[in-house]
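> Got a sequence here, can you model it:
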Amino acid sequence: MNEPGLTYDTGALIAAERNNRLMWALHRAALTRGITPTVPAGSLGEVWRGSQQHHLSRMLKGCRIEDFTKTQAKQVGVMIGQSGLNDIVDVAVVEGALRRNDAVVTSNRSHIAQVANAMNRHIEIYDA
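Next comes the predicted model:
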């Protein structure tokens, strides 16, 4: 199994753009520990509005953006069917986090937990 990592969902990115002190403290702590947080491409797409997002741009420099592959899309579809949650971005966040053994930073704890529970898996969740 992989070493535990960290995945940022849309809510975490919004918190960074709003210059949320707790989000930035968590991000700095991750980088200090040698953890490169993962940002799923769908989450980035939900928040990116252009070059004026200075705080978000700064955070993304310390992150890895994960593309959405055909294999992941198929797995996410299966997980949507099993969890009953139709939010493709939230389900993709969980798919990637479970695959990488990541904790998730989110503003939508209930969606993340719903999908993980449907997969009979535990996922560490931090509130953004």
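> quick one, strands of this structure?
Taking DSSP state E as the criterion, the chain carries its strands at 5-8, 38-40, 64-66, 102-106, 125-127.
> Each with direction, which strands does the longest one pair with?
Based on DSSP bridges, the pairing partners of strand 102-106 within the sheet are strand 5-8 (parallel), strand 125-127 (parallel).
> CSV for those strands, including mean neighbour count, mean pLDDT and distance to Val47?
(C-beta placed from N, C-alpha, C; glycine too.) Formatted as CSV, these follow (neighbours: other CB atoms under 10 Å; pLDDT from 0 to 100; distance: least, CB to CB, whole Å):
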stretch, mean neighbour count, mean pLDDT, distance to Val47
strand 5-8, 25, 98, 10
strand 125-127, 16, 96, 17
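> quick revisit: got the strands of the chain as TSV, with distance to Met79 columns?
Output for these, formatted as TSV (distance: least, CB to CB, whole Å):
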stretch	distance to Met79
strand 5-8	15
strand 38-40	13
strand 64-66	16
strand 102-106	14
strand 125-127	16
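> Show me the one of these that comes nearest Glu95.
strand 38-40 (8.6 Å; CB to CB).
> hmm, who's touching the closest one?
With contact meaning CB atoms under 8 Å, 6 or more residues apart in numbering, strand 38-40 is reached by 5-9, 13, 60, 63-66, 68, 89, 92-93, 96-97, 100, 102.
> how far is it from where the chain is centred?
Relative to its chain's centre, strand 38-40 lies at 5 Å (CA atoms, centre = their mean, to the nearest Å).
> Kindly report the same for stretch 13-30.
13 Å.
> all helices for this protein, in order.
10-17, 21-32, 41-47, 54-60, 70-83, 88-100, 109-118 (DSSP state H).
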